[in-house]
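>>> Predicted model and sequence follow; I will ask about them next.
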Amino acid sequence: MTTLVALLLSPIAAAQDASAGMPEPTLQLQTWVTAFDQDQDPTADPNGYGDPEHDVGIGIARARVGMTGETDTLSYDITVGTTSPYDGLTVTETDVAIIGAILTGKSAIGDNELRLSVGAQRIPFGRERLLSSKDLLFQERAVGVQWTAPGYQAGAMADFELDMGLRIRAGVFNGGEGLYGDNNDGLTIAGRLEWANGDHYTRMPKAGTMGFAASVYQDTGLATNSLGIGGDLFARFGPLLISAEGTSTSINPTNNTIDLPTVLTQTSRLGVTAQVSVVSDMDRGGIEFGGRFSMLDDNSAIKDNGDVGIVHAGLTRWDIQPGLDLGAGFIHREELGGRALGNDTMRLWAQVRWPINSDAPEADVAAAPAAPTVPAETAPVEPAAPEPTPEPAVEPPAPAEPAAEAPAATEAPEAPEAPADEGSAPADEAETPENPAEEPEAPAPE
């Protein structure tokens, strides 16, 4: 109960904080250049899964702006923009609209952290869906992920992250793709259980990072009910990055007179994706070269052109300039059933993003503060103190010799006594008060 109250009061506490999450602007612009595309005939250019039907030319894949802020107890993220359709079968509005709008309260429970988020946000299902599009190697999601895992929906989610690496996410959402309200009684319920030894939701996780997870969601809509189950894993060994995930979805039409279902009978979909890449870390960003295979079977009961396999191969230079990424790749699309179609593509891509959030190697960051060393500062102090000390200690005995020769003469004794008193007094004063005063002062600061 105490934790729940703390989460509900976190916006008030943040408002009272003088440094309550000053907003920081965000920017993302992804541009694609289609250098080559096989299916350019407008009369024989069939729509297919994973093919955006781009002819040779330039296009905007994503254009987004927003603002974000964070305090110890509160964070928020608002993004608006536009996104091009994923493929020829995707119905997507290209007008500028809200992409995500999230308000999150945070509370520490010992070494663990509990977060409660409300607003338009990603449903906790599948690693690639939860990974930001700005961190994707090929700047587009795999076909086996896009058509089997849900995206953004409006709702509430609890995120409990334990110190041992275990993370539990569960949420309730409106259902459907609408972000501005719910037009039916249906809901989407989703949960995700994962373990990881580091942050693997970045473009270049640290070496040794690994994790695996299982996800589930159920959506009850006007025209269909869907149930999806999936699993995914990630690991980085040195420069090698490996990721894989699979999803099985069952879609059932409902009896209604309001909306048409997307399927007429019970349909099972399967999506499988695997990606391997090699990363070369640099002082700023790095180079990532990799390949990905993704397969979609939109109906496991039949073999047709809904069974596709898509191979991506290419590279991305992250942060060639701060916040600027450039890449190039080749895309091969293979029909695993039905009629074969020639629809391969060669593509160049560029991305401008803010904040920069460069993934600099950890070794370079640690080396910077180690440059000024303490021995370099104390070295000149130690020789300076002892060197002047022995010099006055050797010189005072010299005037003592003439004092000894003076009594050898047989002249009046008064003459040697006067010089002896005059010479001994300054000698004692030079040796005793000056040298001892200097010698203890030098080691004292050490």
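Received the coordinates, thanks. Numbering: from 1, shown residues only.

>>> Identify the bridge partners of Leu29.
Ala63, Val352 (DSSP bridges).

>>> close enough to count as contact, it and Arg62?
Yes: with contacts counted by Cβ atoms under 8 Å, Leu29 reaches Arg62, the gap being 7.2 Å. For the C-beta atoms, the positions are set from N, CA and C on the backbone; glycine is no exception.

>>> ok, what's across the strand from Ser250?
Leu227, Ser268.

>>> how about the helices in the protein?
Using DSSP state H, the helices of the chain run over 2-16, 127-130, 143-146, 362-367, 374-378, 381-384, 390-394, 397-405, 414-429, 435-441.

>>> By mean pLDDT, flag the weakest helix or strand of this structure.
Least confident helix or strand, the chain: helix 362-367 with a mean of 39, by mean pLDDT, DSSP states H and E.

>>> picking that back up, comparing the helices of the chain by mean pLDDT, which bottoms out?
Lowest mean pLDDT within these: helix 362-367, at a mean of 39.

>>> For the closest residue to Gly291 other than its chain neighbours, list the residues it contacts.
Counting by Cβ to Cβ, 6 or more residues apart in numbering, Gly291 lies nearest to Ala313, which is 4.5 Å off, once chain neighbours are set aside. Applying Cβ atoms under 8 Å, 6 or more residues apart in numbering, we find Ala313 in contact with 290-292, 329-330, 332.

>>> Among the residues you listed, which are located in strands?
Among the contacts of Ala313, the members falling in strands (DSSP state E) are 290-292, 329-330, 332.

>>> What's the PyMOL syntax to select whichever of the residues you listed are buried?
A single PyMOL command is used to select the members of the ones in strands among the contacts of Ala313 judged buried by 16 or more other Cβ atoms under 10 Å:
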select buried, resi 290+291+292+329
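
>>> between the ones in strands among the contacts of Ala313, which is nearest Thr188?
Nearest to Thr188 among those is Arg292, at 27.4 Å by Cβ to Cβ.

>>> Count the residues that sit near the residue lying closest to that closest one once chain neighbours are set aside.
Once flanking residues are discounted, Arg292 sits nearest to Gln275: 4.0 Å by Cβ to Cβ, 6+ apart. Residues within reach of Gln275, counting by other Cβ atoms under 10 Å, total 21.

>>> who's in contact with Gln275?
So Gln275 contacts 137, 142, 241-244, 290-293 (Cβ under 8 Å, 6+ apart).

>>> now swap in Phe293 and tell me
Applying Cβ under 8 Å, 6+ apart to Phe293 gives the contacts 273-275, 309-311.

>>> Mind giving me the PyMOL command for buried ones among these?
Buried residues among those (16+ other Cβ under 10 Å), as a PyMOL selection:
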select buried, resi 273+274+275+309+310
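
>>> Which of the contacts of Phe293 fall in strands?
Counted as lying in strands by DSSP E, out of the contacts of Phe293, are 273-275, 309-311.

>>> Give the burial count for Gln153, as a bare number.
25.

>>> Excluding chain neighbours, give the residue nearest to it in space.
Phe173 (4.0 Å).

>>> Would you mind measuring from the one you found to Leu130?
Noted for Phe173: a distance of 14 Å to Leu130, by Cβ to Cβ, to the nearest Å.
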